[in-house]
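# Prediction below, plus the sequence it came from.
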Amino acid sequence: MKTIEVVAAIIHHDGKILATQRGYGEFKDGWEFPGGKMEPGETAEDAIIREIKEELEVEIKPEKLLVTVDYDYPKFHLTMHCFISSIVSGHILLTEHEAAKWLLPSELETVDWLPADVEVAEKLKEYLAGKNH
Ligand SMILES: Nc1nc2c([nH]c(=O)n2[C@@H]2O[C@H](COP(=O)(O)OP(=O)(O)OP(=O)(O)O)[C@@H](O)[C@H]2O)c(=O)[nH]1
């Protein structure tokens, strides 16, 4: 099975986390962390900065790799590097997604995540809970 390597940004602002809804393709309407496929020769950090500029028109700073998830979809294997990130400049404009929501940590389970993201949302919740202690 082919593997695709993806980067995703867990963007935080004012204690909330950005979730975006896919506007096209096989997983249309599913919720995800914005991002996309790495390109040859790119580091994961370069890739996530590039993807977020393309999709949301903001500049981000990847601060911490929260988790790399591996997930078997029926047609491909996904390896996805998820970076906790902050916004450095710009205002969010959705160029590809159909919707976005800022979620409190307690609201992370309220959206219908893509299958691979369920584990990411759980890890994120644990991480954010730990930071409050
Ligand atoms: N961006 C993103 N992709 C995810 C997440 N979870 C998940 O399973 N995926 C899957 O990872 C793949 C990422 O592809 P993409 O379509 O976002 O990437 P891209 O913008 O580079 O691709 P494209 O230009 O070919 O459409 C898709 O199959 C998508 O369903 C997630 O949280 N964020």
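Thanks, I have it.
# Now do the same contact list for the spatially most central residue of the chain.
Per C-alpha atoms, centre = their mean, the C-alpha nearest to the average position across the chain is that of residue 33, at 2.3 Å. Contacts for residue 33 (C-beta atoms under 8 Å, 6 or more residues apart in numbering) come out as 8-11, 18-20, 82, 117, 120. No exception for glycine: its C-beta is placed from N, CA and C like everyone else's.
# how about a cut-off of 10 Å?
Each residue near residue 33 by C-beta atoms under 10 Å, 6 or more residues apart in numbering is listed here: 6-11, 17-20, 48, 66, 80, 82-83, 85, 113-114, 117, 120-121, 124.
# Report all helices and strands that the helix or strand of the chain with the lowest mean pLDDT contacts.
None of the helices or strands of the chain scores lower by mean pLDDT, DSSP states H and E than helix 117-131, at a mean of 95. Counting by 3 or more C-beta pairs under 10 Å, 6 or more residues apart in numbering; DSSP states H and E, the packing neighbours recorded for helix 117-131 are strand 3-13, strand 16-21, strand 31-32, strand 59-72, strand 77-89.
# And for that helix, what's in contact with it?
8, 10, 12, 15, 17, 19, 30-33, 64, 66-71, 80, 82, 84, 103-109, 111-114.
# try 7 Å this time
10, 17, 32-33, 66-67, 69, 82, 105, 108-109, 113 (C-beta atoms under 7 Å, 6 or more residues apart in numbering).
# Of these, keep whichever come out buried.
Neighbour counting with 16 or more other C-beta atoms under 10 Å marks 10, 17, 32-33, 66-67, 69, 82, 105, 108, 113 as buried within the contacts of helix 117-131.
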